[in-house]
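Undergrad: Here is my input, please return the structure:
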Amino acid sequence: MDKRVGALLLSGLIASSLYGAEITESQKFIGVDIAVTEVQGDGPSEFSKNLSNGTSFGFHVGAENEKWRTTVGLQYFDAEGRNVEKLYGLIDYFFLSNQMTDSLIIKPYMGINIGYANYESNEFDENGFLYGGQGGVVLDLTEELTLDASYRYSLSSALVFDHSQDIVFGFNYKY
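TA: Residues are numbered from 1 along each chain as shown. Modelled structure (predicted):
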């Protein structure tokens, strides 16, 4: 497990150094989110018995420019006997900007996610890598505040934790 965490951190360090110059010129943000989450895990039994639904909470930091956004975050889910902690990185591409009024800007995006998760249930405690995609919209409410609504799907490399899907609502503060 320690080698996998080290490899993930090293990958993040290398990726962040590649984008370091752009990040210093980009708008940085910090935020919180709440999500409606579905988790499937615990191995080969009936599909409906493997699903857990509930609410997850998260915290994230990142930077964005006109076309790209990178985010690092932590998300926590605990419901129906399952607990999942996810440390993830997101890279999003703003494919269209549409100015609705002078003060409200809607920016749709699509992106990828990669991360590491700890999955715990009554019978299992396992770690694994996550990877997947997401799409959503960012609403610029003011110069400093944004509202983010998205759908995120993540597969896992763990044996007993198959995937999670989230409908995420977040608030970001730009600084």
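
Undergrad: Tally up the residues packed near Thr70, please.
TA: 20 (other Cβ atoms under 10 Å). For the C-beta atoms, the positions are set from N, CA and C on the backbone; glycine is no exception.

Undergrad: what pairs with the host helix or strand of it, and is each one parallel or antiparallel?
TA: Thr70 belongs to strand 68-79 when assigned by DSSP states H and E. Applying DSSP bridges, strand 68-79 is found paired with strand 51-64 (antiparallel), strand 82-94 (antiparallel).

Undergrad: I'd like the average pLDDT over that strand.
TA: Averaged over strand 68-79, pLDDT sits at 94.

Undergrad: The helix or strand containing Leu130 pairs with which strands, parallel or anti?
TA: Assigned by DSSP H and E, Leu130 belongs to strand 125-140. As defined by DSSP bridges, the strand partners of strand 125-140 come to strand 105-120 (antiparallel), strand 145-156 (antiparallel).

Undergrad: Just after the last one, pick out the following helix or strand.
TA: What it means is strand 145-156. strand 161-174.

Undergrad: Return the distance of that following strand from the chain's centre.
TA: 5 Å (Cα atoms, centre = their mean, to the nearest Å).

Undergrad: That one versus strand 51-64: what angle between them?
TA: 40 degrees (axes from the mean of the first three to the mean of the last three Cα atoms, to 10 degrees).

Undergrad: Which elements pack onto strand 161-174?
TA: With contacts defined as 3 or more Cβ pairs under 8 Å, 6 or more residues apart in numbering; DSSP states H and E, the packing partners of strand 161-174 are strand 27-41, strand 51-64, strand 82-94, strand 105-120, strand 125-140, strand 145-156.

Undergrad: and the angle for it with strand 27-41?
TA: 160 degrees.

Undergrad: mind exporting strand 161-174 as CSV, just the C-alpha atoms?
TA: What follows is strand 161-174, C-alpha atoms only, in CSV (Å, rounded to 0.1, in the frame of the first residue of the first chain):
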residue,chain,number,x,y,z
PHE,A,161,-15.1,-1.9,-4.4
ASP,A,162,-16.3,-1.8,-8.0
HIS,A,163,-17.4,1.8,-8.7
SER,A,164,-19.0,5.0,-7.3
GLN,A,165,-21.1,7.6,-9.0
ASP,A,166,-21.8,11.1,-7.6
ILE,A,167,-24.1,14.0,-8.4
VAL,A,168,-22.1,16.8,-6.9
PHE,A,169,-23.0,20.3,-5.9
GLY,A,170,-20.1,22.6,-4.8
PHE,A,171,-19.3,26.1,-3.9
ASN,A,172,-15.9,27.6,-4.7
TYR,A,173,-14.2,30.7,-3.4
LYS,A,174,-11.7,32.2,-5.9
